[in-house]
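Student: Sequence first, then the predicted structure, then my questions.
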There are 2 protein chains.
Amino acid sequence: MHDILGGSNPTAQAVTGIVNNPSINGQLPFAKPNGAVLPVSNGDNGVVDNNNNIPLLTGLSGATTAVMQNNGGFGNVPVVNGGQLPSGNTLQMLMFGTMTVFDDELTEGHELRSGLVGKAQGFYVGSSEDGTGQTMAFTVMFESGRYADSLSFFGIHRTSVSESQLAIMGGTGKYVNAKGFATVKTYDMTNNQHETDGLETLLEFTVYVTY
Amino acid sequence: MHDILGGSNPTAQAVTGIVNNPSINGQLPFAKPNGAVLPVSNGDNGVVDNNNNIPLLTGLSGATTAVMQNNGGFGNVPVVNGGQLPSGNTLQMLMFGTMTVFDDELTEGHELRSGLVGKAQGFYVGSSEDGTGQTMAFTVMFESGRYADSLSFFGIHRTSVSESQLAIMGGTGKYVNAKGFATVKTYDMTNNQHETDGLETLLEFTVYVTY
């Protein structure tokens, strides 16, 4: 599953949380009393503009690279000052509560252009205090049979471990009454820019299903 | 299931996405390089005010008619200029990521006033790049037994095909341990204004369930 934030052909977009909150003004969702340094600046001095329209977001990989916002698409999103980029978890904590909706392609191989198997549509929500987990709810529609065959998943995708597991909620078509689970491996493809100019995260699913 | 957007007795309301973005200024979520014409105007000249409080939204039918916003209920919702209404998919693409929460009535027949069977509560999120699919998650509560009997569904509702399929996630009451699926047919009732002044979409469910 290829999840691409930003760039010229994104497949996922954040719709709630930080992107819709014009007044985060330094408030971390779980700011601790000892006070993490506010990583976000509303100023525009020192802004790194990479012209890639890459939003202030971490995707499914939990990657903390890039994170620039240079257009008006998200309106009130604060601009990160290049000199003040927070380290890993601090930024990830900002993602708590952010819902990202996706319409991702499923391919046979790791390459974005390899054989299309189907689409995965749904959403994920940052749901770990430490920024390393996302609640995912989505449906995989297989291209054969006019997308009548589908499997729906629910669970927590964790970026701090090599493999997460999601439960199968059910299915349709040949997968009706499906039971089982999937293991998910995550590959941060942000340094693999020859296929997309967005922030790509690759999820490799191995599905164990009875139906 | 009667899904009614706007009007004097709406049963569904968008809570994220376009309604919360005060500066969409013509940016389609998945604007392609060939550039769809910006369909949205923040100006108020030429606004058609139908006094119906119908929001700038397409409902479950993917209908693209009407779409006026004339009150303060949604705050920053841009007003559509009557002369600039986009055609089908262009407007639907604006709906990507929009979550709509509903509390819809279930009736025996297609008529809104026919026998009440129960309620369906949940949400749907625009989740197709081309605007023809919505991820739905909701629970049907049957009126008999004080709503103790329920079935929960998850899946992709597609408006470009005559019939979609949703998986049953589970159930309660007499439907505990339910398995199965539902087929969903969609009827655009926007031209059937004698029963409601909102934008009504009728979903006809046929449920295949074992429990």
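Tutor: Sure thing, it's come through.
Student: I would like the residues contacting the helix or strand containing A:Y187, please.
Tutor: In this assignment (DSSP states H and E), A:Y187 forms part of strand A:179-188. Contact with strand A:179-188 is made by A:60-63, A:110, A:153, A:155, A:157, A:159, A:162-168, A:201-211, as judged by Cβ atoms under 8 Å, 6 or more residues apart in numbering or on different chains. (C-beta placed from N, C-alpha, C; glycine too.)
Student: Only whichever of those residues are buried, select them in PyMOL.
Tutor: Buried residues among these (16 or more other Cβ atoms under 10 Å in any protein chain shown), as a PyMOL selection:
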select buried, chain A and resi 60+61+62+63+153+155+157+159+164+166+168+201+202+203+207
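Student: got the angle for the strand holding A:Y187 vs strand B:179-188?
Tutor: If you take axes from the mean of the first three to the mean of the last three Cα atoms, to 10 degrees, strand A:179-188 sits at 70 degrees to strand B:179-188.
Student: Export the following helix or strand past strand A:179-188 to CSV, keeping only CA atoms.
Tutor: With elements assigned by DSSP H and E, the helix or strand that comes after strand A:179-188 is strand A:199-210. Coordinates of each C-alpha in strand A:199-210 appear next as CSV, following Å, rounded to 0.1, in the frame of the first residue of the first chain:
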residue,chain,number,x,y,z
LEU,A,199,6.3,11.8,1.2
GLU,A,200,5.7,8.1,0.4
THR,A,201,5.2,5.4,3.1
LEU,A,202,5.1,1.9,1.9
LEU,A,203,3.1,-0.6,3.9
GLU,A,204,3.6,-4.3,3.2
PHE,A,205,0.7,-6.4,4.2
THR,A,206,0.7,-10.1,4.9
VAL,A,207,-2.9,-11.3,5.4
TYR,A,208,-4.0,-14.4,7.2
VAL,A,209,-7.6,-14.9,6.4
THR,A,210,-10.3,-17.6,6.5
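Student: In chain A, where is pLDDT below threshold?
Tutor: A:17-59, A:62-94, A:145, A:191-193 (pLDDT under 70).
Student: ok, 50 please
Tutor: A:19-57, A:63-89 (pLDDT under 50).
Student: can you map out the strands along it?
Tutor: Assigned by DSSP state E, chain A shows strands spanning A:2-5, A:12-14, A:99-107, A:116-126, A:133-142, A:150-158, A:163-172, A:179-188, A:199-210.
Student: Now the third one: buried residues?
Tutor: Taking 16+ other Cβ under 10 Å as the basis for neighbour counts, the residues of strand A:99-107 that come out buried are A:M99, A:T100, A:V101, A:F102, A:D103, A:D104, A:E105, A:L106, A:T107.
Student: which residues sit in contact with the third one?
Tutor: By that I understand A:V101. With Cβ under 8 Å, 6+ apart, A:V101 has these contacts: A:A12, A:Q13, A:V15, A:G122, A:F123, B:F96, B:G97, B:V125, B:G126, B:S127, B:T135.
Student: in the sheet, who's paired with it?
Tutor: A:Q13, A:F123 (DSSP bridges).
Student: What are the buried residues along stretch A:166-179?
Tutor: A:L166, A:I168, A:M169, A:G170, A:G171, A:T172, A:G173, A:Y175, A:V176, A:N177, A:A178.
Student: Go back to the residues you listed and keep what's next to chain B.
Tutor: Within the set of these, contact with chain B (Cβ under 8 Å from any Cβ of the partner chain) is found for A:M169, A:G170, A:G171, A:T172, A:G173, A:V176, A:N177, A:A178.
Student: quick one: which of those is nearest to B:H194?
Tutor: The shortest gap between B:H194 and any of these belongs to A:T172, at 34.8 Å (Cβ to Cβ).
Student: Does that closest one touch A:Y147 like I think?
Tutor: No: between A:T172 and A:Y147 there is no contact under Cβ atoms under 8 Å: 9.2 Å.
Student: How about the residues of chain A by chain B?
Tutor: Selection of chain A residues close to chain B by Cβ under 8 Å from any Cβ yields A:8-11, A:13-16, A:20, A:71-76, A:99, A:101-103, A:121-123, A:137-139, A:141, A:146-148, A:150, A:152, A:154, A:169-173, A:176-178.
Student: of those residues, buried ones?
Tutor: Buried among those by 16+ other Cβ under 10 Å: A:10-11, A:13-16, A:20, A:71, A:73-75, A:99, A:101-103, A:121-123, A:137-139, A:141, A:147-148, A:150, A:152, A:154, A:169-173, A:176-178.
Student: got a list of what A:T135 touches?
Tutor: By Cβ under 8 Å, 6+ apart, the contact set of A:T135 is A:Y124, A:V125, A:S127, A:F154, A:G155, A:I156, A:H157.
Student: whoops, I mixed them up, A:G155
Tutor: So A:G155 contacts A:T135, A:M136, A:S164, A:Q165, A:L166, A:A167, A:F181 (Cβ under 8 Å, 6+ apart).
Student: For beta bridges, what are the partners of the second one?
Tutor: If I follow you right, that is A:M136. Here A:M136 sits in beta bridges with A:Y124, A:G155, as judged by DSSP bridges.
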